[in-house]
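1. got a predicted structure plus its sequence, pasted below:
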Amino acid sequence: MRLTKLREALTTEGLDAILITQPGNRRYLSGFTGTDLDRDSAGVLLISQDQAVLAADSRYYEQIEKQAPDFRLAKITDEFKMLLPELVHQVGAKRVGFESTHLTVDQHQEWQEVAEGFELVPTKELVEGIRAIKDEDELSKIRKAIALADEALAHIAGFIEPGMTEKEVAWELEVFVRTHGAEKVAFDLIVASGPNGAMPHATVSERVIRAGEPIVIDLGAMVDGYNSDLTRTICSGRPDDRLKEIYDIVLEAQCTAEQSIRPGMTGKQADGIARQVIEEAGYGENFGHGLGHGVGLAVHEKPGVGRLSEDVLEPGTVFTVEPGIYLPGWGGVRIEDIVVMREDGVEVLTQASKDVSSQ
Ligand code: ZN
Ligand code: ZN
C-alpha cells in the first residue's frame, strides 16, 4: 500500500525511481529500522515501479532479512556510490529522485560524480506527504505512546513538590517513561518552572520549583518507533489569579480548536481558530509558535498546523493542538493534545487531566 502510493507519486513527478535516505522514510517504506547509533548511513532504498531494493553493508544483512523481506538486499562491500550506477541500471531508470531535504551536499556530489546515463532529480517530502495519513496499525502504536505519556504525566503530577528542582522532576519523568514500556523518550523532556516557562522550548535547569507558579511539562514516549507529544501546565499548590486567568484562555483556545477543526481545512485555518481566541483575550503577541504539527515516526512531521501551513488536514492525519501564552519574567502556559482527523472533526487521543492544580 505504502509502495503503491509512492509509485503513484513517482508517476506524477515524472520519475522512474527514487533513492530514499531519510531514516524515518526508509523505515516507513521498508520496515528496516536501521540503528539509532548510525541511523543515517544504515542503508539506502531504491524504488522503481516494479522493484524495491535496499542497499546496506554487512552490519545489517541479518536485520534486513527479518525486517524488510519485500526488499531485495543489495550488498555494499565498498561504498554505496560504487554500487549506485549498477543498481540504477538494473532497475532501468533514467530519472532518479533523491530526497533533497535530507541528502547532504557531500553525498549529492559523490552521487553526481557517478551518475552516468541517468539524472538525479531533487524531490521534496514525497514520502512525508504519504506518511501524514496514518493507517490503523500506526494509530494503535501512536495510541500506546500517548497512553504512556498520559500515565507519566499523572505520575509526575503526584510527585512534584515545591523545593524540588526541574532536573529532579525531569529525571523522575524520564525514568517512568523508560520503565513503563517506551523504547525511549521522544525528545529531551521539558520541565520549565516559573519564568523559565516563558521560553516555549526551555530545557531543564537546576531551578527550584515554588508553590503556585506555573510549571510547563512537555514530554513524549516512543513506542514501536511511533512518538507521542504531551504538554500540560500544572502548579504545585493553588494557582494564583494570573495563572488561572492565562490558563483559562489557553484552554478555551484549545477546546475551541478541537471542536471546530474540520477535515479539508488547511493547517493555517486550524491555527487561526485558536489564535483568534488568544488574540481576542489580548495575548496575540504572546502566542509566538504555530498551533501544532503532525506526529508519527517523527515528533515533528506533516501536516504542519501553523500560521503559514497550506497542508490540508485530511482524514487520517494525526497532529497536535498546542496553543500557548508566554509572558517574559512570569512564565508560560501551554496545553498540548494529540488528535486524529476523522470524517466529521477531530478525535482527541490524549486523555491526560487538564486540572492545573497538581494536588
Ligand atoms: Zn510537546
Ligand atoms: Zn508538540
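-> Good, I have the coordinates. Ligands and ions are numbered 1, 2, ... in the order given.
2. near ligand 1, which residues of the stretch 251-359 of the chain?
-> Counting by C-beta under 5 Å from the ion, the stretch 251-359 of the chain comes close to ligand 1 at Glu336. (Each C-beta comes from the backbone N, C-alpha and C, glycine too.)
3. residues in contact with the residue of the stretch 251-359 of the chain found nearest ligand 2?
-> Of all residues in the stretch 251-359 of the chain, the one sitting closest to ligand 2 is Thr320 (4.3 Å; C-beta to the ion). Contacts for Thr320 (C-beta atoms under 8 Å, 6 or more residues apart in numbering) come out as Asp229, Gly292, His293, Val295, Val305, Glu336, Asp337, Ile338, Val339.
4. just the pLDDT at the first one, thanks.
-> What that stands for is Asp229. Note on Asp229: pLDDT of 98.
5. repeat that for the third one.
-> Model confidence at His293, given as pLDDT, is 98.
6. ok, and what's touching the helix or strand hosting it?
-> If you go by DSSP states H and E, His293 is part of strand 292-294. Applying C-beta under 8 Å, 6+ apart, the set of residues contacting strand 292-294 from outside is 132, 267, 270-271, 299-306, 317-322, 336.
7. strands along the stretch 251-359 of the chain, start to end?
-> For the stretch 251-359 of the chain, the strands defined by DSSP state E, counting those that start in this stretch occupy 292-294, 301-305, 318-321, 324-327, 331-334, 337-342, 345-348.
8. which stretch among those comes nearest Cys235?
-> Smallest distance to Cys235 across these (C-beta to C-beta): 9.7 Å, for strand 331-334.
9. and the closest one, what does it pack onto?
-> Using 3 or more C-beta pairs under 8 Å, 6 or more residues apart in numbering; DSSP states H and E as the contact criterion, the elements in contact with strand 331-334 are strand 190-193, strand 215-219, strand 230-234, helix 241-260, strand 324-327.
10. average pLDDT for it?
-> On average, strand 331-334 scores 96.
11. one more: stretch 177-188?
-> Rounded mean pLDDT across stretch 177-188 is 96.
12. span of that stretch from start to end?
-> Taking C-alpha to C-alpha, to the nearest Å, stretch 177-188 runs 12 Å from one end to the other.
13. list the buried residues of it.
-> By 16 or more other C-beta atoms under 10 Å, the buried positions in stretch 177-188 come out as Val177, Ala182, Glu183, Val185, Ala186.
14. same deal with stretch 47-62?
-> Neighbour-count burial for stretch 47-62, with 16+ other C-beta under 10 Å as criterion, is recorded at Ile47, Ser48, Ala52, Val53, Leu54, Ala55, Ala56, Tyr60.
15. show me the contacts for the nearest residue to Thr11 once chain neighbours are set aside.
-> Distances taken as C-beta to C-beta, 6 or more residues apart in numbering place Gln49 nearest to Thr11, at 7.9 Å, with adjacent residues excluded. Contacts here follow C-beta under 8 Å, 6+ apart; on that basis Gln49 touches Arg7, Leu10, Thr11, Asp16, Ala17.
16. go on, Thr233?
-> Counted by C-beta under 8 Å, 6+ apart, Thr233 has contacts Gly197, Pro214, Ile215, Val216, Ile217, Tyr247, Val250, Gly332, Val333, Arg334, Ile335, Val356.
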